[in-house]
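Visitor: Starting from these lines, generate the structure:
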Amino acid sequence: MAVHIASDETFDELIAEGVSIVDFFSTHCGPCRALLPTLMEIEAELPFINLVKINTDDCPQLADRFMISTLPTIYLAKDGVMTEYKGLLEFEPLSEAVAALLYE
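Guide: Predicted coordinates for the structure are as follows:
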């Protein structure tokens with residue numbers, strides 16, 4: 001999994017092809033830091049997807065565009081199409097959602 005830190009300018013290009021996990025986060029968010037081990041575990045299991053991290057403090061336009069009101073917020077993207085992930089932020093349900101997106 002390639003890890004990318006997105007900006008307002010690079011975001012659309014980063015998710016344009018393939019499958020991505022999009023992580024809206026903030027550096028001062030405790031739950032965001034708690035999610036990191038789960039994302040790294042998925043990285044180890046599915047090395048061919050992208051992890052696109054968006055610091056909402058640095059990218060307020062993207063946070064507004066996706067109406068981010070709570071952190072962390074996870075979206076899944078396939079070939080540029082974003083879907084908000086509403087499952088538990090734990091390894092098994094998130095990795096299953098990514099796998100389902102890969103093979104649909």
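Visitor: got a pLDDT number for the residue positioned nearest the centre of the chain?
Guide: For the chain, Val22 is the residue whose C-alpha lies nearest the centre (CA atoms, centre = their mean; 1.8 Å). Per-residue pLDDT puts Val22 at 96.
Visitor: ok, it to Glu90 distance?
Guide: Applying CB to CB, to the nearest Å, the value for Val22 to Glu90 is 17 Å. The way it works is simple: take the backbone N, C-alpha and C, and place the C-beta from them, glycine included.
Visitor: what does Asp58 give?
Guide: Look at Asp58 and Glu90: by CB to CB, they are 27 Å apart.
Visitor: Quick check on Pro47: phi, psi?
Guide: phi -70, psi -10 (degrees, to the nearest 10).
Visitor: before we move on, the earlier item: mind checking which of Asp58 and Glu90 has more residues around it?
Guide: Between Asp58 and Glu90, counting by other CB atoms under 10 Å, Asp58 is the more crowded of the two (14 against 11).
Visitor: pLDDT weak spots in the chain?
Guide: Scanning the chain with the threshold set as pLDDT under 70 gives 1.
Visitor: Tell me which stretches of it form strands.
Guide: 2-5, 19-25, 50-55, 73-78, 81-84 (DSSP state E).
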